[in-house]
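Undergrad: Need a 3D model of the sequence below.
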Amino acid sequence: MARSGTQRGASALILEPVSLSVYEWALRNSGLRDADDAAAELGLAISELTLARDNLLELGLLVSSADGGELLPVDPAIAEMLARAPLEQEIRERQQELTRMHAQLRPLAPLFAERSRAGRNSDGLRSFDDPAEVRRELSMMTRLCTEEMVSIQPGGGRDPDTLSSIVAESLSMLERGVRLRTLYQHTARASLSTQAYVRSVSAAGARIRTTAEAFDRIIVFDRETAFVPQPRAAGRPQGASVVTDPTVVGFLYRMFESLWESGRPFDAHQAEFQPSTEELKTSILRLMATGLKDEVIAKRLGMATRTFRRHVKDITDELGVESRFQAGFRAWQLGIALGESDDPGASGTD
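TA: Sure, this is the predicted structure:
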């Protein structure tokens, strides 16, 4: 016995081309009574006509007559209305379920945020050795942040996978009205992936600058919580410590502001920015005067150690000296400002 169209389910159905031909035949003949006649006229096998008939019944485009002797074509508008009814009912039920879920869970968010802040402020420091735990904590803080996130990202361009994974979080924060400021080094301007990230977040309101030097990676949320990297140790991945002590967080935030003021705006649409030669030379001379190792200075300047040593050779050649100590002393003689430590005696020998 043929099934009534009103008994079909709400699952998605497709009107097959053969079914359309059978529907048109039923319209011309005021119904479908003799399957053999319809199949012969349409050039179909009985099995094909049977499948088409069942498809039309499922779609509600055919219904049984009162006596059950034939199948009658139905106005497509009525068939659509009948097909939509269960789907619309399901949508209404899902919407009601979402509303109930929101009403039940939303009031808990402030409680969780307050509890999390209280837990972070209990001892002022928490350490995480596992990078996955650090990422989880960072992700949570981006959701809890309400006012501002500032960060220092030293070195050259950042890893493309890292940038692609944080762009959505950054945009979400900006959409909530959270201010976002990031400080890179000048060398990051040459990175295509960093340029793409900067274009995306700058268009949404983030502010990005670059500077010649940076110390280490620091992220501060709402001037309350800071993430600082743990010292690197051979054989294990680098973790991070979460600091909530107000004095330490305040110091880190002021350090960021000091570097920020000396930074240059990063416009990813402009040609690559090149710091002046004199600016770079002065930075190298000042850092050499502190007695730091090549690797440390290169990291501070966001360049490879080999590149840094090439710059050092250029400087010593230009000043006509053979050692770093001599370079610092010669710079002092020439009146080249080296910053806080202008005394060339502060530097060590090679």
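
Undergrad: just for the stretch 101-250 of the chain, where's the confidence low?
TA: Low-confidence segments of the stretch 101-250 of the chain, defined by pLDDT under 70: 109, 112-123, 157.

Undergrad: tell me the helices in it, going along the chain?
TA: Here the stretch 101-250 of the chain has its helices, by DSSP state H, counting those that start in this stretch, at 108-120, 131-144, 160-175, 192-203, 246-261.

Undergrad: Let me know which of those helices is the nearest to residue 229.
TA: Among the helices of the stretch 101-250 of the chain, the nearest to residue 229 by C-beta to C-beta is helix 131-144 (8.9 Å). (C-beta placed from N, C-alpha, C; glycine too.)

Undergrad: could you say what helices and strands that closest one packs with?
TA: Using 3 or more C-beta pairs under 8 Å, 6 or more residues apart in numbering; DSSP states H and E as the contact test, the elements touching helix 131-144 are helix 108-120, helix 160-175, strand 218-221, strand 225-229, strand 240-243.

Undergrad: can you put the ones you listed in a markdown table and add mean neighbour count?
TA: As requested, these are exported to a markdown table (neighbours: other C-beta atoms under 10 Å):
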| stretch | mean neighbour count |
| --- | --- |
| helix 108-120 | 12 |
| helix 160-175 | 15 |
| strand 218-221 | 24 |
| strand 225-229 | 19 |
| strand 240-243 | 20 |
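
Undergrad: Tabulate those (a markdown table), appending distance to residue 284.
TA: Formatted as a markdown table, the helices and strands packed on helix 131-144 follow (distance: least, C-beta to C-beta, whole Å):
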| stretch | distance to residue 284 |
| --- | --- |
| helix 108-120 | 39 |
| helix 160-175 | 28 |
| strand 218-221 | 23 |
| strand 225-229 | 24 |
| strand 240-243 | 29 |
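
Undergrad: Residue 93: which of these is closest?
TA: Across the helices and strands packed on helix 131-144, residue 93 has its closest neighbour in helix 108-120 (23.9 Å, C-beta to C-beta).

Undergrad: just the helices in the stretch 251-350 of the chain please.
TA: Using DSSP H, counting those that start in this stretch, helices in the stretch 251-350 of the chain cover 277-289, 294-301, 305-319, 324-333.

Undergrad: could you dump those helices to CSV with mean neighbour count and distance to residue 218?
TA: Output for the helices of the stretch 251-350 of the chain, formatted as CSV (neighbours: other C-beta atoms under 10 Å; distance: least, C-beta to C-beta, whole Å):
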stretch, mean neighbour count, distance to residue 218
helix 277-289, 19, 19
helix 294-301, 19, 14
helix 305-319, 15, 23
helix 324-333, 20, 29
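
Undergrad: Of all those helices, which one is nearest residue 110?
TA: helix 294-301 (41.5 Å).

Undergrad: So which elements touch the closest one?
TA: Using 3+ C-beta pairs under 8 Å, 6+ apart as the contact test, the elements touching helix 294-301 are helix 277-289, helix 305-319.

Undergrad: which one of these has the lowest average pLDDT?
TA: When those are ranked by mean pLDDT, helix 277-289 comes last with a mean of 70.

Undergrad: what's the neighbour count on the residue nearest to residue 158 when sequence neighbours are not counted?
TA: Counting by C-beta to C-beta, 6 or more residues apart in numbering, residue 158 lies nearest to residue 194, which is 5.7 Å off, once chain neighbours are set aside. Other residues near residue 194 come to 24 when the count uses other C-beta atoms under 10 Å.

Undergrad: my guess is residue 256 meets residue 152, correct?
TA: Yes - contact criterion C-beta atoms under 8 Å: residue 256 and residue 152 qualify, at 6.1 Å.
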